[in-house]
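> return a 3D structure for these sequence lines:
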Amino acid sequence: MDEQQTREPLADQGNEGNFLLIDKPLDWTSFDVVAKIRNTYNRIGLKRKVGHCGTLDPKATGLLILATGRKTKEISSLEILDKVYEGAIKLGAMTDSHDVETPEYGHCSTAHLTESEICTAASAFIGSHQQQPPMHSASWHEGKRLYQHARKGVVIKERKAKEIVIHRFEVTRVELPLVYFILHVSKGAYIRVIAHELGATLGVGGYLASLSRVSIGTWELSSARTVPETIEAILQQATNPGEGR
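Numbering: from 1, shown residues only. This is a model prediction of the structure:
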């Protein structure tokens, strides 16, 4: 699907709705993006349902697909699609959240690790796995989000694991303590957990230092707009309703 085909659905089509491809900025929640776009529609007098098709953590950037109007009924069909990520794992330290949201601890040297060892460890992750959601996540446990328990210092050991599939785990560059990667995974995979487990496998600990989602199914980040660009396009469409049709 080329860029023009992907961007064209921004044109307002009444309450039939559209899919909007957004490049989510760092430190925004997925709900922050949804609220911003919903408020933009409200500003121009268009009442639109808006939802997102797969959460991105605040410390992750990249492709977030929003659904508007009746397209929100199709969210579940996009949530099940495979996803591809690029990012970096920092070895030789850990964090409680498995990413940069919480402080480092457990520092140790990574000088003895070779690129070959790291690549071999990563390739062993390919296949099906049972993965527990991290404590700092939005997964539910007894009526509360896991992060709500985590903020109170409570660790739920019996977190329900689910099956995920890692189709590809390619180490693209090693600049210790950072390991750069591409991951192609199934629905529901927590990249933070994979980063933590890679560090454990290598015996030095590790956490997710940066992450960007580059695709969801056939939808590509290269065809996404920033939040300001999306807002501008919505406002322009309201001013010039014939454009894009």
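> now the strands for this protein?
19-24, 50-52, 61-68, 83-91, 94-95, 104-105, 127-131, 140-141, 144-145, 162-175, 178-185, 206-216, 219-220 (DSSP state E).
> JSON lines for those strands, including mean pLDDT and mean neighbour count?
The way it works is simple: take the backbone N, C-alpha and C, and place the C-beta from them, glycine included. As requested, the strands of the chain are exported to JSON lines (pLDDT from 0 to 100; neighbours: other Cβ atoms under 10 Å):
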{"stretch": "strand 19-24", "mean pLDDT": "97", "mean neighbour count": "23"}
{"stretch": "strand 50-52", "mean pLDDT": "95", "mean neighbour count": "21"}
{"stretch": "strand 61-68", "mean pLDDT": "97", "mean neighbour count": "24"}
{"stretch": "strand 83-91", "mean pLDDT": "98", "mean neighbour count": "22"}
{"stretch": "strand 94-95", "mean pLDDT": "96", "mean neighbour count": "23"}
{"stretch": "strand 104-105", "mean pLDDT": "98", "mean neighbour count": "12"}
{"stretch": "strand 127-131", "mean pLDDT": "94", "mean neighbour count": "13"}
{"stretch": "strand 140-141", "mean pLDDT": "56", "mean neighbour count": "14"}
{"stretch": "strand 144-145", "mean pLDDT": "64", "mean neighbour count": "13"}
{"stretch": "strand 162-175", "mean pLDDT": "97", "mean neighbour count": "15"}
{"stretch": "strand 178-185", "mean pLDDT": "98", "mean neighbour count": "21"}
{"stretch": "strand 206-216", "mean pLDDT": "98", "mean neighbour count": "22"}
{"stretch": "strand 219-220", "mean pLDDT": "96", "mean neighbour count": "18"}
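> what does the residue most central in space within the chain show for phi and psi?
Nearest to the geometric centre of the chain sits residue 56, at 3.3 Å (Cα atoms, centre = their mean). Dihedral angles of residue 56 (phi, psi; degrees, to the nearest 10) stand at phi -110, psi 130.
> which residues touch it?
24, 30, 62, 64, 213 (Cβ atoms under 8 Å, 6 or more residues apart in numbering).
> in TSV: the strands of the chain, plus distance to residue 192.
Below are the strands of the chain laid out as TSV (distance: least, Cβ to Cβ, whole Å):
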stretch	distance to residue 192
strand 19-24	16
strand 50-52	19
strand 61-68	14
strand 83-91	10
strand 94-95	9
strand 104-105	14
strand 127-131	10
strand 140-141	17
strand 144-145	15
strand 162-175	13
strand 178-185	11
strand 206-216	5
strand 219-220	22
